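Trainee: here is my input, please return the structure:
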Amino acid sequence: MAYNRPSFFSGFQFFPPVIKALLIANGAVFLGMMFLGNFHVGDFSFEQFFFQAFALWPFGSGFGFWQLFTYMFMHASFTHILFNMLALWMFGMELEHVWGSRKFFIYYLLCGFGGGLANLLIAPMFTSVGPTVGASGAVYGILLAFGMMFPDRLIYVYFLLPIKAKYFVVMYMAFEIFSVGSMDGVAHFAHLGGALVGFVYLLSDGYRFDSLYGRTQSTNVFSKFASTFSNTKKRTESYGDVTDAKVYNINDYTNRNNEEQIKAQKQIDDILDKISKDGYQSLNEEEKKILFEASKKLN
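Mentor: Next up is the predicted model:
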């Protein structure tokens, strides 16, 4: 039996749906703000109006509850949006494939929301706080999740220096902690708040922290499938003596076999589409069994 899918995710997408939508949304808002900067009606500036309405302002300085979500789609400069979106794509791509788009999007928004709350409630205790923009809080949550789920994955710093993801995350978080209270204009508490919310979410979702040290089974779906293929052994079956033989119409056999193949192909396609949309954990036991049997035939 042959299955034509190139992978178990209907083809691994370099720009899965949610990440693609986030990249487009952030880029559109950034370009829109640049475009609006050229328009004024008397003393009224459209750019300033949208900044005042949708950036995250401190309490008492123009704060609106919707800003806890809108601020993460705004950026202060080209380098600001470039590095945030590059990190979102690099570290979020595999997470969305493993979790499914819905869970990934919820996680992203929660981390961004948590980063905004930390900047509102905690940052004023240590430093002065002004209007805040950027997806960094959500991106730091993505970075933390990648480091926890794929701790031994190598990341090449400046495309040269290899470092394991778990150490890379620890270094970044340490840098943010040591930068608290500095007057560099960076919302470090938003970064840390996003990472903290992500950490709590992963723990509540059943992820064990000690898996960073290799004491729990990997949650990487690719690893699960790879181990399925490598551990499946071909069976050799012995048959008894043939005592009776029947003659079959070869055309009837071929047609029946083709129908069975088409039916099995559709069943596998439906399961793979479900994985692509909602993640491996969404499968029931029967679907997992079907997928496992298919992997044995592929081997």
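
Trainee: what is the burial count for Ile106?
Mentor: Neighbour count for Ile106, taken as other CB atoms under 10 Å: 13. C-beta: built from backbone N, CA, C; applies to glycine.

Trainee: how about Gly134, what does it touch?
Mentor: When contacts are counted by CB atoms under 8 Å, 6 or more residues apart in numbering, Gly134 touches Tyr71, Met72, Met74, His75, Ala76, His80, Asn84, Ala187, Ala190.

Trainee: near the fifth one, how many other residues are there?
Mentor: When neighbours are defined as other CB under 10 Å, Ala76 has 16 of them.

Trainee: roughly how far apart are the closest residue to Pro58 other than its chain neighbours and Trp57?
Mentor: Leaving aside its chain neighbours, Pro58 sits nearest to Val129 (5.0 Å; criterion: CB to CB, 6 or more residues apart in numbering). Distance from Val129 to Trp57, counting by CB to CB, to the nearest Å: 9 Å.

Trainee: again, but for Phe159
Mentor: 38 Å.

Trainee: look at the two and report which has more neighbours.
Mentor: Shown here are Phe159 and Trp57; by other CB under 10 Å, Trp57 has more neighbours (20 against 5).

Trainee: now for that one: which residues touch it?
Mentor: So Trp57 contacts Phe63, Gly64, Gln67, Pro131 (CB under 8 Å, 6+ apart).

Trainee: about what we covered before: got a list of what the residue nearest to Pro58 touches?
Mentor: Counted by CB under 8 Å, 6+ apart, Val129 has contacts Pro58, Asn119, Leu120, Ala123, Ala187.

Trainee: got phi/psi on it?
Mentor: phi -120, psi 130 (degrees, to the nearest 10).

Trainee: now Gly42
Mentor: phi 60, psi -120.

Trainee: burial measure for it, as a count.
Mentor: Look at Gly42: counted by other CB under 10 Å, it has 5 neighbours.

Trainee: so it versus Phe51, what's the distance?
Mentor: Separation of Gly42 from Phe51 (CB to CB): 18 Å.

Trainee: ok, Phe63 next?
Mentor: 14 Å.

Trainee: those two: who's more crowded?
Mentor: Phe51 (19 against 14).

Trainee: so, low pLDDT: which residues of the stretch 1-150 of the chain?
Mentor: For the stretch 1-150 of the chain, applying pLDDT under 70 flags the ranges 1-12.

Trainee: chain center to stretch 177-195: distance?
Mentor: Relative to the centre of its chain, stretch 177-195 is centred 23 Å away, using CA atoms, centre = their mean, to the nearest Å.

Trainee: that one: end-to-end distance?
Mentor: Length of stretch 177-195, first residue to last, CA to CA, to the nearest Å: 12 Å.

Trainee: pull out the buried positions in that stretch.
Mentor: Within stretch 177-195, the residues scored as buried using 16 or more other CB atoms under 10 Å are Ala187, His188, Phe189, Ala190, His191, Leu192, Gly193, Gly194, Ala195.

Trainee: next up, the contacts around the last one.
Mentor: The neighbours of Ala195, taking CB under 8 Å, 6+ apart as the test, are Cys111, Tyr140, Gly141, Leu143, Leu144, Met173, Glu176.

Trainee: roughly how far apart are it and Tyr172?
Mentor: Noted for Ala195: a distance of 9 Å to Tyr172, by CB to CB.

Trainee: now do the shared contacts for these two.
Mentor: Common neighbours of Ala195 and Tyr172, using CB under 8 Å, 6+ apart, are Tyr140, Leu143.

Trainee: ok, now which ones touch Leu192?
Mentor: By CB under 8 Å, 6+ apart, the contact set of Leu192 is Gly115, Ala118, Tyr140, Met173, Glu176, Ile177, Val180.

Trainee: so which of the residues you listed comes closest to Glu285?
Mentor: For the contacts of Leu192, the closest approach to Glu285 (CB to CB) belongs to Tyr140, at 36.1 Å.

Trainee: just say helix, strand or coil for the closest one.
Mentor: helix (DSSP: H, G, I helix; E, B strand; the rest coil).

Trainee: measure stretch 270-285 end to end?
Mentor: Terminal residues of stretch 270-285 are spaced 15 Å apart (CA to CA).

Trainee: for that stretch, give the mean pLDDT please.
Mentor: Confidence for stretch 270-285, expressed as mean pLDDT, is 72.

Trainee: can you give me the helices for the stretch 151-299 of the chain?
Mentor: Along the stretch 151-299 of the chain, counting by DSSP state H, counting those that start in this stretch, helices occupy 165-178, 188-204, 221-231, 250-278, 285-298.
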